[in-house]
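Participant: Quick one: sequence plus predicted model below, questions after.
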Amino acid sequence: MCGIVGFTGNKQAAPILLDGLAKLEYRGYDSAGIAVRDGDSEVEIIKAMGKLKVLQEMTDGGNAVKGTCGIGHTRWATHGEPNETNAHPHYSDDGNIVGVHNGIIENYQELRAKLTKKGYSFYSTTDTEVAIKLIDYYYKKYLGTPIDALNHALVRIRGSYALAIMFEQYPGEIYVARKDSPMIIGVSDGETYLASDVPAILKYTRNVYYIGNLELAKLSKGEVTFYNLDGEEIEKELKTIEWDAEAAEKGGYEHFMLKEIHEQPKVIRDTINSVLKDGIVSVEDFGLSDDDIKSLRKVYIVACGSAYHVGMAAQYVIEQLSSLDVRVELASEFRYRKMTLDKESLVIVISQSGETADSLAALRMAKEKGIKTLGIVNVVGSSIAREADNVFYTLAGPEISVATTKAYGTQLVAAYLLALEFARARDEITAEKYAGLIAEINTIPEKIEKILEDKERIQWFSSKLIGVKDAFFIGRGIDYAISLEGSLKMKEISYIHSEAYAAGELKHGPISLIEDGTIVFSVVTQQDLYEKTVSNMVEVKSRGAHLFGLTSYGNYAMEDVADFTVYIPKIDPLFAGSLAVVPLQLMGYYVSVSKGFDVDKPRNLAKSVTVE
Ligand code: AGP
């Protein structure tokens, strides 16, 4: 996620801004910039690609930039490639307005078109520049205050924002607005600070205001005035932060992994909204026309690790919704096989980092064979994103924990949306069913929220697993794909030997391993396969297994078989994997914490495996 900071007071702003941005580096970024103003002089804007060190060197640690009022930004690209032009701060052409933004303006293309018609031009490909120029447009149109201009602009913006803006006619002041993206405002004697997150201001003050959603504020030296979207002043209570710096970076969560598990509802919502226009998935960004999709005979999904598990789930969804033949391949295998790829096919490479060596090599192999490629990638501008013919960006934001959770969740949803689009373009789904399934997908965030409310039960059960040496995960169909991911989570962060099997496969060998106390996690969300998987559960139970059942509310008979049952909200079975995986993510997390392991940095693992 991007990071924003701001300061106005009696000290030099630049060193404070750079220090604050350094405390937000954990949020991930590819470029950074500051804008500083000395009294009513012109704003000085400095921005650079790469790490903060570049900006620090350019400004001699901020000492070369004079001024006591300024804003700063670290950019995690969502719209527009990572480069200096797209780096924040962004500004109106006459320099009258300069601002930084964290969030996603969903309707920025529509707004950009309207502003272009009104004579505006654009130097970047970002949504933020559009927002800044929209504010500028209303500021000039109504000749009101900055708050008036912000109000006129914000009611026309769809999406999320934490905005910090400086207006030429208002030296020493910073105007902010917030919707869904985080922002905190700190005050101390004669100084006012703003930031995306507590760590950036903690060393200066613990006295803070939490600006609410759809609220605005005027920051001056040591003073803050809050407004609602109607421009009416509102009172806010000053709070005191109790956190220490380390806890603050994780937003109060003990580990990044737990924070990222909890970010899933929001980032899945963002990913859905990024391609859904009036209820239809707009795939023009993916370079796939309806005719292209109609002519497809085969889809290959290629990835590693958890991304591969997304592919395993996606194949069932694509096959159930369309006549497309789907093959899921491990990238590390695919790249070395002598395969005759069907010319009328699409290779989808799924990768959070976009830098996984095996996945990148597989992509290049497909391109060499003249096969159309599509990346489902989280990091904007990464190698796979750049080299694939087209890319569907997941909007999970930077994922710090090595064990993926929110990126996996957004990849899964991206796969559903593509599957629906394939079916629609091939006339293999009715408009009514399409709309119904889109509506189901839109319920995923709130249903994950509901699961997270019940996490203490999972934490309690996890504490019983500390001594477990071997675990099995079983399921059929999509439940098998989820079992793969649940098993990997258990393996990679709690170091318990764990295997996932298609439940029907147990009798072909693995069941010989079941003995008294063996723990078996059964994922049973696919109603049409429910009875069959339950019978597998009975088989292993009769051989001494300790059973954990994961199923949908309503299947209460599960408790007659399983020793411990976790329920997930009802949802179309096609999308149940998005819900079922959350208790398994939490399970792996809590077992690892109970065993005292380094959850976010498990032994032997790297966040992105850029070597073979
Ligand atoms: C999952 O928790 C692991 N971190 C790992 O399996 C990961 O999914 C795999 O290395 C692929 O990484 P990518 O998505 O960045 O390509």
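Facilitator: That came in fine, so what should we check first? From a predicted model like this one, the values you see are computed outputs, not experimental measurements.
Participant: got a list of what the nearest residue to residue 502 once chain neighbours are set aside touches?
Facilitator: Ranked by CB to CB, 6 or more residues apart in numbering and with sequence neighbours excluded, the top spatial neighbour of residue 502 is residue 480, at 4.6 Å. Any C-beta I mention is one placed from the backbone N, CA and C, and that applies to glycine too. Residue 480 makes contact with 312, 474, 500-503, 523, according to CB atoms under 8 Å, 6 or more residues apart in numbering.
Participant: do the same with residue 155
Facilitator: residue 229.
Participant: any idea how far the ligand is from it?
Facilitator: Separation of residue 155 from the ligand (CB to the nearest ligand atom, to the nearest Å): 38 Å.
Participant: Residue 411 too?
Facilitator: 8 Å.
Participant: about what we covered before: any idea which of the contacts of residue 480 has the most stuff around it?
Facilitator: residue 523 (33 neighbours; other CB atoms under 10 Å).
Participant: Which secondary structure state does the residue nearest to residue 120 when sequence neighbours are not counted sit in?
Facilitator: The shortest distance from residue 120 to any non-neighbouring residue, by CB to CB, 6+ apart, is to residue 133 (5.1 Å). Secondary structure state of residue 133, per DSSP: H, G, I helix; E, B strand; the rest coil, is helix.
Participant: Pretty sure residue 137 sits against residue 120.
Facilitator: Yes - Residue 137 is within contact range of residue 120, at 7.1 Å (criterion: CB atoms under 8 Å).
Participant: what helix or strand does the nearest residue to residue 330 once chain neighbours are set aside sit in?
Facilitator: Spatial nearest neighbour of residue 330, excluding adjacent residues (CB to CB, 6+ apart): residue 308 at 5.7 Å. Using DSSP states H and E, residue 308 sits in helix 305-321.
Participant: for the stretch 101-250 of the chain, what are the low-confidence residue spans?
Facilitator: 243-248 (pLDDT under 70).
Participant: now swap in the chain and tell me
Facilitator: 243-248.
Participant: Looking at it, which residue is nearest the ligand?
Facilitator: residue 305 (1.9 Å; CB to the nearest ligand atom).
Participant: What count of nearby residues applies to residue 174?
Facilitator: Count around residue 174 with other CB under 10 Å applied: 27.
Participant: and the helix holding residue 308, what other elements does it pack with?
Facilitator: Where contact means 3 or more CB pairs under 8 Å, 6 or more residues apart in numbering; DSSP states H and E, helix 305-321 is packed against strand 298-303, strand 325-330, strand 345-351, helix 406-425, helix 478-494.
Participant: and of these, who's closest to residue 145?
Facilitator: Residue 145 sits nearest to helix 406-425 of all those, at 38.9 Å, using CB to CB.
Participant: Report the angle between whichever helix or strand comes after the closest one and helix 305-321.
Facilitator: Next helix or strand after helix 406-425 toward the C-terminus (DSSP H and E): helix 431-441. Angle, helix 431-441 to helix 305-321, by axes from the mean of the first three to the mean of the last three CA atoms, to 10 degrees: 150 degrees.
Participant: Now do helix 431-441 and helix 406-425, the angle between them.
Facilitator: 170 degrees.
Participant: what's the neighbour count on the residue nearest to residue 183 when sequence neighbours are not counted?
Facilitator: Closest residue to residue 183 apart from its sequence neighbours, by CB to CB, 6+ apart: residue 162 at 4.2 Å. Taking other CB under 10 Å as the criterion, the count of residues near residue 162 is 25.
Participant: so what's residue 49 closest to, chain neighbours aside?
Facilitator: Nearest to residue 49 is residue 31, by CB to CB, 6+ apart, at 4.8 Å.
Participant: pretty sure the one you found contacts residue 46?
Facilitator: No - here residue 31 lies out of contact with residue 46, judged by CB under 8 Å, at a distance of 11.6 Å.
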